[in-house]
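>>> sequence and predicted structure below; questions after.
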Amino acid sequence: MKLYNTMTKSKEDFVPLEDGKVRMYACGPTVYNYFHIGNARPFVTFDTVRRYLEYKGYEIIFCQNFTDIDDRIIQRAEEEGVSIEELSNRFIEEYFVDADRLCVLRPTFQPRATEAIKEIIDMIQILFDKEVAYENDDGVYFDVSRYGDYGKLSHYKLDELVAGAGERNVKGVGEFKKNPGDFVLWKKKKGNEPSWSSPWGEGRPGWHIECSAMIRKYLGDTIDIHGGGQDLIFPHHENEIAQSECTSGKTLARYWMHNAFVNIDNEKMSKSAGNFFMIRDIVQKYSYQTIRFFILSGHYRMPINFSAEQLDAAVNGLDRIKTALQNIDFRVKSTASQANADDRKTEDLYSAIDDAKADFEKSMDDDLNTADAITSIFQLVRAVNAALIDPIADVNALKAAAARIVE
């Protein structure tokens, strides 16, 4: 099996650190709202990575976090007059409603950021003691100038990354930042914000540190696969690498996988453009199964276009598969004997079953090419439909075809 590694910009043979076992992490949702179609793509994509690795016989230890402390959570909780815990609990439950119906398996671990405060503080203390982090009136910051490999994931030099990050990095330079690219590890308490005790006073963790701390807690210093959307490459994943590798002195992740964006009617999805669709809204017209099928109909590293036409095409594709399975079921239940089945046609169907399996695995082994893998399923469906024309088609062959399609 080969996977495209963002770090090396190339497909590489997948060889886990420990034979037969894969440690995998994917960034989870910030729980202040329902999740949208753009969020759904990584959830479905890395669920599929996990499922296929399990299909190949690996033991998977998979961690995906919930960010349950964040500026947006605090703001919405204040607007609604509820605690951040109450708001987070509500949207975690709503996440599971949508994720479960999208057939996204529950991870081995799915911790909340607020459950890892001790580990976060311990990690910041290590960075502070190594003098790659510093304290000021605003909080504790990571000093990117102290990490020589900063930018190795996004393949930009530090000055280019800072320029690309825009105003958010320039803000605070000279006031509380040493360098424009420095990022916050611990935010000191302001007003009535939720806070925890730390060696640097009351405060709360920055966003980037939570993933590093949870990876370290649940999976160890080095994992096999780290996944997320391509928008997380910089600064989030770049910052994860810097703080994790400065803490442990070890490689954070051996393979970095990033899915491309979801466009809406060929335009970039954004709230300001008004083309922002929650999964909860989409399922008023289309099924969860259709949404999952639509997401997997394109290669995960290529942008996919969300539109009524594309969703209708997904409906039609799923219907072709379901109809073939229903026709097999009807034929099997209504056929009393297969003594006169045509041996040649039976062999052709068994051959199509074997070809579908081989083509499916070849596609999935080639950097999780789900688009071509789905094509192999349709090829088997065509063979099934051809076999069903024969009124005495071999029932066992039809059963085998149905089992292969479902698998």
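That came through, no problem.
>>> how about stretch 55-62: buried residues?
58, 60-62 (16 or more other Cβ atoms under 10 Å). Yep, even glycine has a C-beta here, placed from its N, CA and C like the rest.
>>> how about stretch 214-223?
Residues 214-219, 222-223 are the ones in stretch 214-223 that count as buried (16+ other Cβ under 10 Å).
>>> restricted to helices, list those residues.
Judged by DSSP state H, the buried residues of stretch 214-223 include 214-218 as members of helices.
>>> now distance to Ile374 too, for those residues, in a markdown table please.
Shown next, in a markdown table, are these (distance: Cβ to Cβ, whole Å):
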| residue | distance to Ile374 |
| --- | --- |
| Met214 | 33 |
| Ile215 | 32 |
| Arg216 | 37 |
| Lys217 | 37 |
| Tyr218 | 33 |
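>>> let's have those in TSV, adding pLDDT.
Shown next, in TSV, are these (pLDDT from 0 to 100):
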residue	pLDDT
Met214	98
Ile215	98
Arg216	98
Lys217	97
Tyr218	98
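>>> between these, which is closest to Lys362?
Ile215 (31.9 Å; Cβ to Cβ).
>>> state the distance from that closest one to His226.
Note on Ile215: its distance to His226, by Cβ to Cβ, to the nearest Å, is 8 Å.
>>> joint contacts of these two?
Residues touching both Ile215 and His226 by Cβ atoms under 8 Å, 6 or more residues apart in numbering: 25, 240, 252.
>>> now for these, which sits with the most neighbours around it?
Counting neighbours by other Cβ atoms under 10 Å, Tyr25 leads the shared contacts of Ile215 and His226 with 28 neighbours.
>>> surely that one touches Thr222?
No: the criterion here is Cβ atoms under 8 Å, and Tyr25 misses it with Thr222 at 11.1 Å.
>>> what sits in contact with each of those two?
Joint contacts of Tyr25 and Thr222 (Cβ under 8 Å, 6+ apart) are Ala253.
>>> before we move on, back to that, which ones among the buried residues of stretch 55-62 are found in strands?
Filtering those for membership in strands, criterion DSSP state E, returns 60-62.
>>> pLDDT wise, what is Lys271 at?
On pLDDT, Lys271 comes in at 68.
>>> one more: Gln338?
pLDDT, Gln338: 57.
>>> for Ile264, same thing?
Note on Ile264: pLDDT of 89.
>>> assign a three-state SS to the nearest residue to it once chain neighbours are set aside, would you?
Once flanking residues are discounted, Ile264 sits nearest to Asn275: 3.9 Å by Cβ to Cβ, 6 or more residues apart in numbering. On the three-state scheme (DSSP: H, G, I helix; E, B strand; the rest coil), Asn275 is labelled coil.
>>> wait, doesn't Asn275 sit right on Asp281?
No: using Cβ under 8 Å, Asn275 is not in contact with Asp281; the gap is 12.0 Å.
>>> where are the low-confidence patches of the stretch 201-350 of the chain?
Residues of the stretch 201-350 of the chain meeting the criterion pLDDT under 70: 271-274, 336-342.
>>> now with 50, please.
In the prediction, the stretch 201-350 of the chain carries no residues with pLDDT under 50.
>>> closest one of the ones in strands among the buried residues of stretch 55-62 to Phe91?
Using Cβ to Cβ, those come closest to Phe91 at Phe62, 21.2 Å.
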